[in-house]
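K.L.:
Curious how this folds, go ahead:
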Amino acid sequence: PERDESDAPLFTLSQLHATIGRGLGENISSSPAVTAAALTRQSRHLSSLASPLQRLLHGLSIEAARSRFDALGPYEGFLDHPRALAAVHSRLGSGHPFSATQLETYARCPFLFFAQRLLSINPLHDPDADESALERGNLIHNALYHFFSERVHDGSFDRITPDNLEAARPRLRAITRREADDLGLQGFFWEQELERLLGREDGEGREGLLMRFLRLESEATDPADPAHFELSFGSYHDMGPNDPLSTSTPYVISGPEEEDSVRLFGKIDRVDRTPDGRFAIYDYKTGQVPSVADIGRGLHLQIPLYLLAAENLLHDQGLIQGTAGAYYQLRDLENCGRKGLFGDKSQRGQVYSGQGRGLPEPEIFRQLIEQTRDFALSYARSMRRGLFHVTRQNPAKACTYCAYRQTCRLDHRRMRTLEREGKLS
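P.N.:
Below you'll find the predicted structure:
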């Protein structure tokens, strides 16, 4: 319908933009849309309004593209400009070393990886965040590394047993306090934290977290002996203490073409091995433990990739067959112990002990590990193609604790529809 443009009311610039913006989002035959179209035609002839109006219309077109259910638009994490792709390749090409955590971040949400790793956008400070979590994790890792390392004598490990448990307790206490001093963790807060970790030396009060860990170790019936601690591969900044068997060589996952390869670095907190070279790996976690079910979905890569890395890089040093991996949760007294066991069912009782829900048969176990290689290659390939769209995962799991969730414009229903229709690859 036509309208006499001379009848249009007077607007301030902000009112004009707001009226056009709202109107162009309405049905084309509605009164607000007709008014917006008329204002747009008039404004284009005014030099002072032409440029701001063009930016407004451009923004509206981007918003419209972001609501389409048939495809992702050019402003939704698809980098296709040659300069942008060249910058991505310079950062993430075949020479770039990835950690398992970086690949898992991309699997969880490509946009999160983009904002965090490529744009280096720091989230707003959370006043409720536990500022001591990283320091506490470093303290526990360092203390257990030194405690276990000094129990290795001439290639054999002096296991923690009910008979020597009481003698081991003061030694772990002394090492933990020494490491706390070396890390500069002093003052009233850390005295309270050390009591939480170690308990009181007179044995009164609650059991310390690390003392419970020792007690659980003394009760374990693992056939394999702890042999390597903080076993690293590849190199990265601030590696900290590491096992003598560590190597600066990264684990390389080869793809069909050389430029598809993925270089991986990491550190395995503990390796238990048998005399014939079968081994299990353990990772200390002071926070949440990942779900084993996420291995098959490509969201949890660390344990399978670490098993592959140890087999490939340290085969000649005696680590021949990875049979299992698990997390040792060290969060609090209610969350202390082995969790998330992923292992070859046939090796339970021969290399490792413990219960795991639905442990796979040997062939399936190896298939899951090899599948993780494919996931890693796929994620790196997608990064190098410039694909950084928002997550396709369930936001209840992927977004709850995300520091960038207010900036990503996620429409989960739309993303699931696009995924079903094959529009995200």
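
K.L.:
Poorly predicted segments of this protein, please.
P.N.:
Within the chain, the stretches falling below the threshold (pLDDT under 70) are 1-10, 25, 28, 44-50, 60, 127-129, 237-238, 356, 425.

K.L.:
Would you map the strands across it?
P.N.:
97-99, 152-153, 156-157, 225-233, 251-253, 262-273, 278-285, 321-332, 335-343 (DSSP state E).

K.L.:
how much does the last one deviate in direction from strand 278-285?
P.N.:
Note on geometry: by axes from the mean of the first three to the mean of the last three C-alpha atoms, to 10 degrees, strand 335-343 and strand 278-285 are set 140 degrees apart in direction.

K.L.:
Now stretch 156-164: buried residues?
P.N.:
Within stretch 156-164, the residues scored as buried using 16 or more other C-beta atoms under 10 Å are residue 160. (Each C-beta comes from the backbone N, C-alpha and C, glycine too.)

K.L.:
just stretch 353-365 next, same as before
P.N.:
353, 354, 356, 359, 360, 365.

K.L.:
what do you get for stretch 386-399?
P.N.:
Quick answer for stretch 386-399 (16+ other C-beta under 10 Å): 386, 387, 388, 389, 390, 391, 392, 393, 395, 398, 399.

K.L.:
same deal with stretch 372-383?
P.N.:
Those would be 372, 373, 375, 376, 377, 378, 379, 380, 381, 382, 383, for stretch 372-383 by 16+ other C-beta under 10 Å.

K.L.:
wouldn't the second one be in contact with residue 307 here?
P.N.:
No: no contact is recorded between residue 373 and residue 307 when judged using C-beta atoms under 8 Å, the distance being 10.9 Å.

K.L.:
Using PDB, list the CA coordinates for the longest helix along the chain.
P.N.:
When the chain is parsed with DSSP state H, its longest helix is helix 362-384. The C-alpha trace of helix 362-384 is given here as PDB (Å, rounded to 0.1, in the frame of the first residue of the first chain):
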ATOM      1  CA  PRO A 362      38.800 -55.400  23.800                       C
ATOM      2  CA  GLU A 363      37.800 -54.800  20.200                       C
ATOM      3  CA  ILE A 364      35.300 -52.100  21.100                       C
ATOM      4  CA  PHE A 365      37.800 -50.500  23.500                       C
ATOM      5  CA  ARG A 366      40.300 -50.100  20.700                       C
ATOM      6  CA  GLN A 367      37.700 -48.900  18.300                       C
ATOM      7  CA  LEU A 368      36.700 -46.100  20.800                       C
ATOM      8  CA  ILE A 369      40.300 -45.100  21.200                       C
ATOM      9  CA  GLU A 370      40.900 -45.000  17.400                       C
ATOM     10  CA  GLN A 371      37.700 -43.100  16.900                       C
ATOM     11  CA  THR A 372      39.100 -40.400  19.200                       C
ATOM     12  CA  ARG A 373      41.900 -39.900  16.700                       C
ATOM     13  CA  ASP A 374      39.300 -39.200  14.100                       C
ATOM     14  CA  PHE A 375      37.500 -36.800  16.300                       C
ATOM     15  CA  ALA A 376      40.700 -34.800  16.900                       C
ATOM     16  CA  LEU A 377      41.500 -34.700  13.100                       C
ATOM     17  CA  SER A 378      37.900 -33.600  12.400                       C
ATOM     18  CA  TYR A 379      38.000 -30.800  14.900                       C
ATOM     19  CA  ALA A 380      41.300 -29.400  13.700                       C
ATOM     20  CA  ARG A 381      40.100 -29.700  10.100                       C
ATOM     21  CA  SER A 382      37.000 -27.700  10.900                       C
ATOM     22  CA  MET A 383      39.000 -25.000  12.700                       C
ATOM     23  CA  ARG A 384      41.300 -24.600   9.700                       C
END
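
K.L.:
Among the buried residues of stretch 353-365, which ones are in helices?
P.N.:
Going by DSSP H, the helices hold residue 365 from the buried residues of stretch 353-365.

K.L.:
quick check, nearest of the buried residues of stretch 353-365 to residue 236?
P.N.:
residue 365 (28.9 Å; C-beta to C-beta).

K.L.:
contacting residues around the closest one?
P.N.:
When contacts are counted by C-beta atoms under 8 Å, 6 or more residues apart in numbering, residue 365 touches 343, 344, 345, 359.

K.L.:
which residues touch the last one?
P.N.:
Under the criterion of C-beta under 8 Å, 6+ apart, the neighbours of residue 359 are 341, 343, 344, 345, 348, 365.

K.L.:
likewise the first one?
P.N.:
When contacts are counted by C-beta under 8 Å, 6+ apart, residue 343 touches 280, 323, 324, 325, 326, 352, 356, 359, 365.

K.L.:
Could you work out the most separated pair of those residues?
P.N.:
Spatial extent of the contacts of residue 343 (C-beta to C-beta) is set by the pair 326 and 365 at 13.5 Å.

K.L.:
And stretch 374-393, end to end?
P.N.:
19 Å (C-alpha to C-alpha, to the nearest Å).

K.L.:
make that stretch 333-352, sorry
P.N.:
Using C-alpha to C-alpha, the two ends of stretch 333-352 sit 23 Å apart.

K.L.:
ok, and for that stretch, which residues are buried?
P.N.:
So for stretch 333-352, counting by 16+ other C-beta under 10 Å, buried means 336, 338, 339, 340, 341, 342, 343, 344, 347, 348, 351, 352.

K.L.:
Kindly state the beta-bridge partners for the first one.
P.N.:
Listed beta-bridge partners, residue 336: residue 330 (assigned using DSSP bridges).

K.L.:
For it, give its distance to residue 174.
P.N.:
Counting by C-beta to C-beta, to the nearest Å, the gap from residue 336 to residue 174 is 21 Å.

K.L.:
cool, and the fourth one?
P.N.:
Here the distance between residue 340 and residue 174 works out to 31 Å (C-beta to C-beta).

K.L.:
and what of the third one?
P.N.:
Residue 339 sits at a distance of 28 Å from residue 174 (criterion: C-beta to C-beta).

K.L.:
At which residues are the helices of the stretch 101-250 of the chain located?
P.N.:
Ranges of helices in the stretch 101-250 of the chain, per DSSP state H, counting those that start in this stretch, are 110-113, 133-149, 165-182, 188-198, 209-219.

K.L.:
Point out the most buried one among these.
P.N.:
helix 110-113 (a mean of 21; mean count of other C-beta atoms under 10 Å).
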